[in-house]
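Undergrad: sequence first, predicted coordinates after that:
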Amino acid sequence: MNWAALITWVLTAGGGFFLLTIWLRNGGMEQHGSQRIRAPFIFTHFALAAIGLVLWIIYVASDSTSVAWTAFVLLLIVALIGFGMFGIWLSQRRGRGGDVAAATDRPAEQRFPTAVVGLHGLLAATTLVLVFLAAVGVGS
């Protein structure tokens, strides 16, 4: 279970890094407006996910239950932030974006490939479940 969680976490991180690269390349840092994914949201999500991944690697190496639960709590926070960003992205996609209606002023996150967003979310949910199961001792 520990290794499965690690593998899905690394794959999720790869997808997230790909999305971050697209967001940065398309002017995400310069975005303003309430209906756009802002830099603090993105970078908090990224930083906490990276810290959690490092903690999970430490857990896999040390088998410390407290490290596993710390990684899980961080991952839960990351998931909540990610769900919030997904909501913003989805509302833009459905055309309810308010100040993002102009096609020439398209938010950076609207350049994300839909399949990558979906796969990132699916892998993230899978990782969350696997990390929880490993933390409670299933499969050990």
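TA: Thanks, I have it.
Undergrad: ok, so what distance separates the residue nearest to Gln110 when sequence neighbours are not counted from His120?
TA: Nearest residue to Gln110, sequence neighbours excluded (C-beta to C-beta, 6 or more residues apart in numbering): Gln92, at 5.7 Å. All C-beta spots, glycine's among them, are computed from the backbone N, C-alpha and C. Distance, Gln92 to His120, by C-beta to C-beta, to the nearest Å: 17 Å.
Undergrad: name the element the residue nearest to Gln110 belongs to?
TA: helix 65-93 (DSSP states H and E).
Undergrad: for Ile57, same thing?
TA: Per DSSP H and E: helix 39-62 holds Ile57.
Undergrad: for that helix, buried residues please.
TA: Ile42, His45, Phe46, Leu48, Ala49, Gly52, Leu53, Leu55, Trp56, Tyr59, Val60 (16 or more other C-beta atoms under 10 Å).
Undergrad: out of those residues, which is nearest to Phe112?
TA: Within those, proximity to Phe112 (C-beta to C-beta) peaks at Ile42, which comes in at 11.7 Å.
Undergrad: check that closest one and give its pLDDT.
TA: Note on Ile42: pLDDT of 94.
Undergrad: separation between the residue nearest the centre of the chain and Glu109?
TA: With distances taken as C-alpha atoms, centre = their mean, the residue of the chain nearest its centroid is Gly82 (4.9 Å). With distances taken as C-beta to C-beta, Gly82 is found 12 Å from Glu109.
Undergrad: can you add distance to Gly15 and give the buried residues of helix 39-62 back as JSON lines?
TA: Formatted as JSON lines, the buried residues of helix 39-62 follow (distance: C-beta to C-beta, whole Å):
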{"residue": "Ile42", "distance to Gly15": "14"}
{"residue": "His45", "distance to Gly15": "13"}
{"residue": "Phe46", "distance to Gly15": "12"}
{"residue": "Leu48", "distance to Gly15": "16"}
{"residue": "Ala49", "distance to Gly15": "11"}
{"residue": "Gly52", "distance to Gly15": "15"}
{"residue": "Leu53", "distance to Gly15": "13"}
{"residue": "Leu55", "distance to Gly15": "20"}
{"residue": "Trp56", "distance to Gly15": "17"}
{"residue": "Tyr59", "distance to Gly15": "22"}
{"residue": "Val60", "distance to Gly15": "21"}
